[in-house]
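In: only the shape, not the letters, is given here:
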């Protein structure tokens with residue numbers, strides 16, 4: 001990945017120009033101007049693109065930019081500063097490591113009634129962006145589960161370590177892994193299949209809504225061919241009524257976060273993914289493999305994901321030149337997430353409406369995206385939180401709509417002239433170039449007839465700030481199958497099936513790449529990326545790829561299938577043609593399915609070992625009726641109860657994995673003797 005880097009150049013009048021590898025030019029501008037006691041209009045910060053950010057260049061890009069700016073301002077010479085990766089790792093830490101203590105209460109039928117969770121985090125020498133991780137953990141740990149009583153405490157300890165910064169999906173991936181591990185543990189103690197226990201404790205659709213949707217699906221099936229029938233137990237979300245007169249049925253999470261019933265796509269995807277991935281058949285195959293294989297065990301698991309996101313209003317500027325070419329300034333930073341491509345598509349789609357469909361040119365070839373610049377478009381904000389691409393498309397579309405109103409009279413005039421000339425000309429002469437030429441200047445000396453530059457600030461709602469109207473939920477389901485070598489601890493990801501609700505995707509190819517990339521980054525987080533420090537000095541020992549291991553070819557699933565929900569319900573009130581959902585961070589959480597599958601494989605190893613040795617491998621601990629206690633990260637304690645059902649028969653409490661699940665960490669929780 002591109003290192004932290006900046007180039008500062010002194011200019012006339014004491015001004016300064018900074019090119020920074022950052023996720024927001026304004027962030028760098030404010031920092032440099034304050035540091036050097038300059039006015040904002042005396043500092044120009046620009047960024048064409050970033051070779052990978054993931055949150056690490058949101059605020060940590062300030063340090064190299066500030067250092068280069070101070071040196072350039074003092075020496076009046078251009079200064080370039082590149083931070084070596086091992087130095088960067090010593091200056092900045094990533095995610096907080098943590099341990100989790102929990103206690104859960106279930107009723108006699110196995111319904112989860114209460115959950116108390118305490119997260120203990122290792123923060124750095126100063127708090128920094130650990131705040132983001134703390135808040136995100138506390139807000140996401142309820143996930144998709146309907147728990148009547150929930151208590152969450154998040155504590156961060158100041159440690160002699162580099163300060164932490166945000167990393168893709170900060171805090172939320174830790175919360176999702178924790179709650180999924182807890183659900184696996186409780187299911188094991190109750191003797192129930194984990195997938196059944198999870199489904200029963202999810203937020204449920206009201207029965208009357210299910211009945212109405214089933215009737216709507218049946219009515220639609222009568223009008224379609226038999227191969228289009230929806231045979232799912234839960235009807236497709238498109239059949240759920242969205243309410244009359246703008247009213248919507250509202251569901252809520254355990255923490256009271258509201259969302260519209262027709263946008264609750266998880267139940268359908270949970271069922272559909274099991275069908276398309278042949279989950280039940282594979283479950284039987286995995287159980288059979290584990291019965292006959294002594295030194296290798298397989299695990300299979302499902303994990304649901306809910307990820308809350310915020311729509312924020314952003315600004316964009318669009319300029320049309322006399323020859324028809326177009327220049328876009330959008331509010332984000334291109335980091336490989338495809339924001340420039342989506343902004344171009346939004347502009348081409350909106351401006352193309354000026355002409356009939358059969359005459360619309362491929363406007364994409366006319367459009368160029370300018371670099372981020374505080375001179376051309378200040379106050380753009382930081383590209384973070386996964387929704388900048390959505391905001392950029394909305395802002396670009398709004399600016400293009402302003403230009404449409406200015407260009408429409410010229411298009412109508414050309415069409416009238418073409419119609420009046422009869423055979424001499426036709427409507428085909430009303431082209432994009434002709435309209436722009438008519439509205440633009442006749443020569444380089446004269447000005448245009450109308451303003452061909454438009455700036456708009458827009459969003460998908462009329463609300464401002466962090467209001468509930470600006471939130472929406474991403475839902476997804478992951479299924480993972482793994483194999484663990486009990487002698488060496490080596491593990492393989494055999495197959496992963498993902499299903500995500502990405503809304504009405506603007507660019508499915510880009511979104512597919514984001515889903516796959518985010519999932520694999522999550523796989524690296526839970527399987528390979530171990531962090532270690534010197535116990536005396538706090539100096540990072542995993543500061544290069546010799547010691548820090550991102551996922552490689554060995555971690556790639558042998559088979560990866562990604563399904564995007566078709567005909568996803570609209571979740572915005574404006575710019576409905578751009579009703580896409582974020583794909584940057586939410587799919588990262590699907591890696592929780594890999595953790596659960598590894599847990600399932602380790603449990604199978606203990607079950608086989610227990611059957612052979614007739615020894616109890618877990619420590620019993622007394623507790624009140626229906627109470628379970630455990631630590632999903634760190635040391636494990638046993639829960640009260642006896643497991644009697646598949647797939648964990650004979651094991652009362654799951655062994656606790658220490659993440660990342662490297663071969664060495666897996667060996668710590670495998671049976672001590674196998675030969």
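Out: Yes, it's here. A quick note: this is a predicted structure, and the numbers were derived from the prediction, not measured.

In: low-confidence regions, the stretch 301-450 of the chain specifically.
Out: Counting by pLDDT under 70, the ranges of the stretch 301-450 of the chain that qualify are 421-429.

In: can you give me the strands in it?
Out: 314-320, 326-329, 367-369, 372-373 (DSSP state E, counting those that start in this stretch).

In: quick one: closest of those strands to residue 415.
Out: strand 314-320 (18.7 Å; Cβ to Cβ). Any C-beta I mention is one placed from the backbone N, CA and C, and that applies to glycine too.

In: pairing partners for the closest one, with directions?
Out: Paired neighbours of strand 314-320 in the sheet (DSSP bridges): strand 326-329 (antiparallel), strand 453-458 (antiparallel).

In: most tightly surrounded among these?
Out: strand 326-329 (a mean of 22; mean count of other Cβ atoms under 10 Å).

In: quick one: contacts of it?
Out: 316-321, 343-344, 347, 351, 363, 366-370, 373, 376-377, 396 (Cβ atoms under 8 Å, 6 or more residues apart in numbering).

In: of these, keep whichever come out buried.
Out: 316-320, 343-344, 347, 351, 363, 366-367, 369-370, 373, 376-377, 396 (16 or more other Cβ atoms under 10 Å).

In: pLDDT at residue 584, what is it?
Out: pLDDT, residue 584: 92.

In: ok, now which ones touch the closest residue to it other than its chain neighbours?
Out: Of all residues not flanking residue 584 in the chain, residue 386 sits nearest, at 3.8 Å (Cβ to Cβ, 6 or more residues apart in numbering). Applying Cβ under 8 Å, 6+ apart to residue 386 gives the contacts 309, 582, 583, 584, 585, 586.

In: mind redoing it with 7 Å?
Out: 309, 582, 584, 585, 586 (Cβ atoms under 7 Å, 6 or more residues apart in numbering).

In: give me phi/psi at it?
Out: phi 80, psi -10 (degrees, to the nearest 10).

In: from residue 155, how far off is it?
Out: For residue 386, the distance to residue 155 equals 27 Å [Cβ to Cβ, to the nearest Å].

In: how about residue 196?
Out: 34 Å.

In: and if you look at residue 557?
Out: Using Cβ to Cβ, residue 557 is found at 35 Å from residue 155.

In: the two: who's more crowded?
Out: residue 557 (19 against 11; other Cβ atoms under 10 Å).

In: got the phi and psi for the residue nearest to residue 89 when sequence neighbours are not counted?
Out: Residue nearest to residue 89 in three dimensions, not counting chain neighbours: residue 543, with 3.7 Å by Cβ to Cβ, 6+ apart. Here is the backbone geometry of residue 543 (degrees, to the nearest 10): phi -110, psi 20.

In: number of nearby residues for residue 543?
Out: Neighbour number of residue 543 under other Cβ under 10 Å is 21.

In: quick one, what contacts it?
Out: Per Cβ under 7 Å, 6+ apart, neighbours of residue 543: 86, 89, 90.

In: again, only using 8 Å
Out: Contacts of residue 543 by Cβ under 8 Å, 6+ apart are 85, 86, 89, 90.

In: was I right to think the second one contacts residue 546?
Out: No - between residue 86 and residue 546 there is no contact, the gap being 9.4 Å when judged by Cβ atoms under 8 Å.

In: where exactly do the helices run in the stretch 551-675 of the chain?
Out: Applying DSSP state H, counting those that start in this stretch to the stretch 551-675 of the chain gives helices spanning 592-613, 663-669.

In: sorry, that was for the stretch 101-250 of the chain
Out: So, for the stretch 101-250 of the chain - with DSSP H, counting those that start in this stretch - the helices run 130-140, 172-190, 194-201, 207-221.

In: against which helices or strands is the third one packed?
Out: Helices and strands touching helix 194-201, by 3 or more Cβ pairs under 8 Å, 6 or more residues apart in numbering; DSSP states H and E, are helix 172-190, strand 296-310.

In: could I get these as JSON lines with distance to residue 568 and mean neighbour count?
Out: Listed next are those as JSON lines, based on distance: least, Cβ to Cβ, whole Å; neighbours: other Cβ atoms under 10 Å:
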{"stretch": "helix 172-190", "distance to residue 568": "21", "mean neighbour count": "25"}
{"stretch": "strand 296-310", "distance to residue 568": "14", "mean neighbour count": "24"}
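
In: inside helices: which ones of the contacts of residue 543?
Out: 85, 86, 89, 90 (DSSP state H).

In: just to revisit the earlier point, and the helices and strands packed on helix 194-201: which comes nearest residue 575?
Out: That would be strand 296-310 among the helices and strands packed on helix 194-201, by Cβ to Cβ, at 15.9 Å.

In: packing partners of that closest one?
Out: Using 3+ Cβ pairs under 8 Å, 6+ apart: strand 296-310 touches helix 130-140, helix 172-190, helix 194-201, helix 266-276, helix 279-292, strand 471-485, helix 592-613.
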